[in-house]
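> got a sequence here, can you build the structure:
(one chain, ligands or ions: 1)
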Amino acid sequence: MKKLYFITGSQDLYGDETLKQVALDSKEMAAFLDEKIGGVTIEWQPTVRSSEEAEDVLVKASADKECVGVITWMHTFSPAKMWIKGLQRLVKPLLHLHTQYNRELPYKTIDMDFMNLNQAAHGDREYGFICTRLGLNREVVAGYYKNEAVLKRIARFADVARAMDFSHTLRVAMLGNNMRDVAVTDGDRVESEIRFGWNVNYYGLGDLVDLVDGVTAEEIAAKMAEYKAKYEMNTDDIAAVEEQAKYAVALEKFLKKERIGAFTDTFQDLHGLRQLPGLCVQDIMATGVGFGPEGDYKTSALMAVLCKMAEGREGATAFLEDYTYDLTEGNELELASHMLEVSPVFAAEKPKIEVHPLGIGGKEPPARLVFGGIEGKGIAVSMVDMGTHFRLICAAIELVKQPEEMPKLPVARVMWKILPDFATGAEAWIYAGGAHHAVVSTALTKEDIALYAKLTGTEVVFIGF
Ligand code: MN
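Presented below is the predicted three-dimensional model:
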């Protein structure tokens, strides 16, 4: 399991007794947090008393591949010049926990020793100054460390830090290029790697086709058994479904071989494939592998990162496309979908496998999952490239049940209300330059995206909260 370092600051002036107590207290606190915070181990580190020790532990954190971030806290005073060199070499997300070992003051017994030992009010301000002076992107959380609100914020930091660590090693495959002439899905792949760690590369579709041609009958049968267990077969055209099963086996091999965590395809480049990948992409998306259609690498990578952030939480996270509206005045609804690729994590019912012709691309009728979407509060998150920087746009949405059946619509669909109202929300999204592709999540919140934006130094626009 990935870990967070728990680092306590002090200094040498207080003598052994005090430092012994600092170590005991901080060990107990780290153990408590380790028990309460899921998804990561919280690992206690020896008390930092000098510039050398600060540099050693923060360099160690930066180099430790299992460490996704650090929590720092000043039990006593800790003169902050001693933190400069270490903080300059820290490349992991930083949470400054402003807390105390004791909750209440022992009014009857408090003396000078107690005050010198428990002076985060003093030491954390000194330390906070140097973080601000250094211009560090970091999260500051103030409050007693056992408070639910404090634990919740540390847990959020852990989730975001895990996602950033994953992001740093994320390899994205573009099968085909960006859809011809489309602007918003395109972007600066070099800058994406500098900012977010995404290593984005083009792969010829022929590489995948070779793998497709090598898939065996047994492999197809095994994949079909998986599909039958998860989904309802609502077609007689089993051969068309088997075609998608074959793509799925090949795609899984390709992702594994190239260590890919997110991918794109495009209906403009399907040479050697008889169908647009539909069912196979939908099914793979549900495992948290990022996907963006039409060469949309940013949405694909962002989806993988946000799925990692949402790991262990209730709710659904995946790519969706803004498609069409019901503009009934006062009850405007959006219908989100795609040509085929809607993740079954959004399904309100058991998805049906169906085969229908596709009006675009000139290929054979592809198998796909068809379903109506879940209800509940959610967010839609889009990333665009402004030329000078990336921008995240995060909008509040309310997923709703489709008001009527849509028996002729051959694709999965999710419907939602744009908040705070259609005009305000849609206009703000358009002014902000938000894409028609987004990552929609009912597991993540505005606060998660705000923290992600802060720690990655990314501009963010919030709408409807
Ligand atoms: Mn699209």
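
> give me the neighbour count for Pro351.
26 (other Cβ atoms under 10 Å). Heads up, the C-betas are built off the backbone N, CA and C, glycines and all.

> hmm, it is touching Glu232, no?
Yes: applying Cβ atoms under 8 Å as the test, Pro351 and Glu232 come out as touching, 7.1 Å apart.

> mean confidence for the strand or helix carrying Val200?
If you go by DSSP states H and E, Val200 is part of strand 199-203. Averaging pLDDT along strand 199-203 yields 97.

> show me what it is packed against.
Packing partners of strand 199-203 (3 or more Cβ pairs under 8 Å, 6 or more residues apart in numbering; DSSP states H and E): strand 171-175, helix 189-196.

> go with 10 Å
If contacts are counted by 3 or more Cβ pairs under 10 Å, 6 or more residues apart in numbering; DSSP states H and E, strand 199-203 sits against strand 171-175, helix 189-196, strand 262-264, helix 297-309.

> could I get the ones you listed as a markdown table with mean pLDDT and distance to the ion?
Formatted as a markdown table, the helices and strands packed on strand 199-203 follow (pLDDT from 0 to 100; distance: least, Cβ to the ion, whole Å):
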| stretch | mean pLDDT | distance to the ion |
| --- | --- | --- |
| strand 171-175 | 98 | 15 |
| helix 189-196 | 98 | 19 |
| strand 262-264 | 98 | 10 |
| helix 297-309 | 98 | 9 |
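
> those into JSON lines, with extra columns for distance to Thr328?
JSON lines is the format used below for the helices and strands packed on strand 199-203 (distance: least, Cβ to Cβ, whole Å):
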{"stretch": "strand 171-175", "distance to Thr328": "39"}
{"stretch": "helix 189-196", "distance to Thr328": "39"}
{"stretch": "strand 262-264", "distance to Thr328": "35"}
{"stretch": "helix 297-309", "distance to Thr328": "29"}
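
> could those go into TSV alongside mean neighbour count?
Formatted as TSV, those follow (neighbours: other Cβ atoms under 10 Å):
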stretch	mean neighbour count
strand 171-175	22
helix 189-196	16
strand 262-264	28
helix 297-309	28
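
> and the contacts of stretch 215-235?
238, 241-250, 252-253, 279-280, 282-283, 286, 344, 347, 349-356, 365, 367-371 (Cβ atoms under 10 Å, 6 or more residues apart in numbering).

> out of the helices and strands packed on strand 199-203, which is closest to Asp16?
helix 297-309 (42.7 Å; Cβ to Cβ).

> ok, the residue of the stretch 351-465 of the chain at minimum distance from the ion to Asp385 distance?
Residue nearest to the ion within the stretch 351-465 of the chain: His437 (5.6 Å; Cβ to the ion). Using Cβ to Cβ, to the nearest Å, His437 is found at 13 Å from Asp385.

> need the overlap of contacts for the two.
With Cβ under 10 Å, 6+ apart as the test, His437 and Asp385 both reach Val184, Thr185, Lys298.

> from Ala183, how far off is Leu24?
From Leu24 across to Ala183, the span is 59 Å (Cβ to Cβ).

> if we can go back for a sec, out of the helices and strands packed on strand 199-203, the one nearest Trp44 is which?
From these, taking Cβ to Cβ, the stretch that ends up closest is helix 297-309, at 25.1 Å.

> quick one: that closest one to strand 199-203, angle?
130 degrees (axes from the mean of the first three to the mean of the last three Cα atoms, to 10 degrees).

> what does this structure put close to the ion?
Listed as neighbours of the ion in the chain under the rule Cβ under 5 Å from the ion: Pro293, Glu294, Glu321.

> residues touching the most centrally placed residue in the chain, list them.
The chain has Leu306 as the residue nearest its centroid, 1.8 Å off, counting by Cα atoms, centre = their mean. Counting by Cβ under 10 Å, 6+ apart, Leu306 touches 163, 167, 288, 290, 317-319, 379, 381, 439-441, 443-444, 448-449, 452.

> ok, 8 Å please
Ala163, Thr317, Val381, Val439, Ser441, Leu444 (Cβ atoms under 8 Å, 6 or more residues apart in numbering).

> would you list the residues you listed in JSON lines and tack on neighbour count and pLDDT?
Shown next, in JSON lines, are the contacts of Leu306 (neighbours: other Cβ atoms under 10 Å; pLDDT from 0 to 100):
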{"residue": "Ala163", "neighbour count": "27", "pLDDT": "98"}
{"residue": "Thr317", "neighbour count": "28", "pLDDT": "98"}
{"residue": "Val381", "neighbour count": "26", "pLDDT": "98"}
{"residue": "Val439", "neighbour count": "28", "pLDDT": "98"}
{"residue": "Ser441", "neighbour count": "27", "pLDDT": "98"}
{"residue": "Leu444", "neighbour count": "26", "pLDDT": "98"}
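
> next step: those residues restricted to helices.
Judged by DSSP state H, helices contain the following of those: Ala163.

> list the buried residues in the host helix or strand of Phe291.
Using DSSP H and E, Phe291 sits within strand 290-292. Buried residues in strand 290-292, counted by 16 or more other Cβ atoms under 10 Å: Gly290, Phe291, Gly292.

> okay, now the sheet partners of that strand, with direction.
Applying DSSP bridges, strand 290-292 is found paired with strand 262-264 (parallel).

> beyond the partner strand, next helix or strand please.
Assigned by DSSP H and E, the successor of strand 262-264 is helix 279-285.
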